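> sharing a model prediction with you, sequence too.
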Amino acid sequence: MLKLVAVIAFLLPYTFPAFMKNKYEVEVEQVLACPNNERARNPIRNMKFFRYNRTHKALNYDFTYDKPLDEKVGGSIVVERWGDGGWIKIPFVGFQKNICQHMLRFFKKVWVYFHTQAGIPHPDRCPIPAGNYSLRNYMLDTTTVSIPFWSGRFRFTSILEDVDTREIFICTIYVFKITENF
């Protein structure tokens, strides 16, 4: 028994990092406004998700921030995995009171790229200014995804809310297919 524990203790540091080094192919299958989009404070308009060319998909849509994304705008990201005939929730990012600061801290590359493509000046600083914005031919760059997941279909629901009233500010859904390459 002691030999088995010693072998496991010796091999574990080498096997776990090898598992994490696997490459993942991430494909965006769908991008949608949330089902309650028309009731959101700032509904998404003119959304179109399409194949840009043989290898890339792109997104067009118009959106409004009727107030700056500051400490009064919070948010969450709900992650679900497809399994057993339905979506199964996975704990990810619960409600954060200052979503701009949180996203810059943990998901800066994605946050800045998205807001840069929408034409927002200085997206690397908070607050993000209020205004009407448009994404045109926004290439969904999945090469920046660095979070290890399992293979399968995942649904990410990104919700921005007013901190005081919890009124939905804006909401989008991204469906990804993740395939592990060996």
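That came in fine, so what should we check first? Residues are numbered from 1 along each chain as shown.
> specify the beta-bridge partners of E180.
Under DSSP bridges, the beta-bridge partners of E180 are Y24.
> what about it, how many residues nearby?
For E180, the number of neighbouring residues by other Cβ atoms under 10 Å comes to 13. Any C-beta I mention is one placed from the backbone N, CA and C, and that applies to glycine too.
> list the residues that contact it.
Contact partners of E180, counting by Cβ atoms under 8 Å, 6 or more residues apart in numbering, are 22-25, 150-151.
> OK, contacts around the closest residue to K97 other than its chain neighbours?
Once its chain neighbours are removed from consideration, K97 has its nearest residue in G74; the separation is 4.7 Å (Cβ to Cβ, 6 or more residues apart in numbering). G74 is in contact with 95-99, 160-163, counting by Cβ under 8 Å, 6+ apart.
> how about the spatially most central residue of the chain, secondary structure?
Central residue of the chain (Cα atoms, centre = their mean): F156, 5.8 Å from the mean position. Put simply, F156 is strand when judged by DSSP: H, G, I helix; E, B strand; the rest coil.
> now H115
Assigned by three-state DSSP, the conformation of H115 is helix.
> quick one: it and I128 touch, right?
Yes. Judged on Cβ atoms under 8 Å, H115 makes contact with I128 at a distance of 6.2 Å.
> overlap in contacts, the two.
With contacts taken as Cβ under 8 Å, 6+ apart, not a single residue reaches both H115 and I128.
> thank you kindly, that will do.
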